[in-house]
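Trainee: here is the input, now give the coordinates:
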Amino acid sequence: APTAKTGLVYDGDSHALVDPGTVSGGTMYYSLDESDWNTTVPTGTNAGNYRVYWKIVGDADHVDVDQQDLSVTIGKKTPTLTVSPTSVTFTSSDVVNTTKEVQITYDGDGDFYYNYDDDNHDSGGIEMVSYSIDASTKKLTITRASDKTGNVTITVGTKATTNYSSASQSITVKFRSTAL
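Mentor: As a prediction, this is how the structure comes out:
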């Protein structure tokens, strides 16, 4: 009898879903939909759960083995998401509207999201930073929005997709009243 493959993880390639069984006195057939049967071991590419059906059609001297099934999973890939640098400092010499860039490296798919913690506003409600991501260059541009001091944490991430798990990284943005 065939056995389900284990440990499969999405990588963009097609993978056999089962290790084939050996048959003496008949022919092993496989299907993913219970209607299209053939002798080729079925494959899967995308992350998800697959049901592989199999049966043996015996030759003239052997009986058939009724249809059975196996459950196989191709897991989502855990993407790598990094930011460089992980900390950005604006000093007193960095006037309002000064920008700094952070490079994002990501090997998954899906759109980026970003958000910041509640400390982005000083006690008067003035934003200390604004930012945007250019998805084509994977650069986060951080702009000093006021002359206030403090720290802000910006989180960059992606949501889970069909084939990838979610991922996120944080960048600490520091606003200082003195030059370094």
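Trainee: what about the residue nearest to residue 29 when sequence neighbours are not counted, neighbour count?
Mentor: Spatial nearest neighbour of residue 29, excluding adjacent residues (C-beta to C-beta, 6 or more residues apart in numbering): residue 37 at 4.3 Å. Every residue, glycine included, has its C-beta placed from N, CA and C. For residue 37, the count of nearby residues is 15 (other C-beta atoms under 10 Å).
Trainee: wait, what's in contact with the nearest residue to residue 150 once chain neighbours are set aside?
Mentor: Among residues not flanking residue 150 along the chain, residue 175 sits closest, at 5.4 Å (C-beta to C-beta, 6+ apart). Contacts for residue 175 (C-beta atoms under 8 Å, 6 or more residues apart in numbering) come out as 89-90, 128-129, 144, 148-152.
Trainee: among those, which one has the lowest pLDDT?
Mentor: Ranked by pLDDT, the contacts of residue 175 bottom out at residue 128 (78).
Trainee: for residue 6, give its distance to residue 22.
Mentor: 19 Å (C-beta to C-beta, to the nearest Å).
Trainee: neighbouring strands for the lowest-mean-pLDDT helix or strand in the chain, and are they parallel or not?
Mentor: The helix or strand of the chain with the poorest confidence is strand 112-116; it has a mean of 79 (mean pLDDT, DSSP states H and E). Sheet pairing of strand 112-116 (DSSP bridges) gives strand 150-158 (antiparallel).
Trainee: check which element follows the partner strand along the chain.
Mentor: Where DSSP states H and E defines the elements, the next helix or strand beyond strand 150-158 is strand 167-175.
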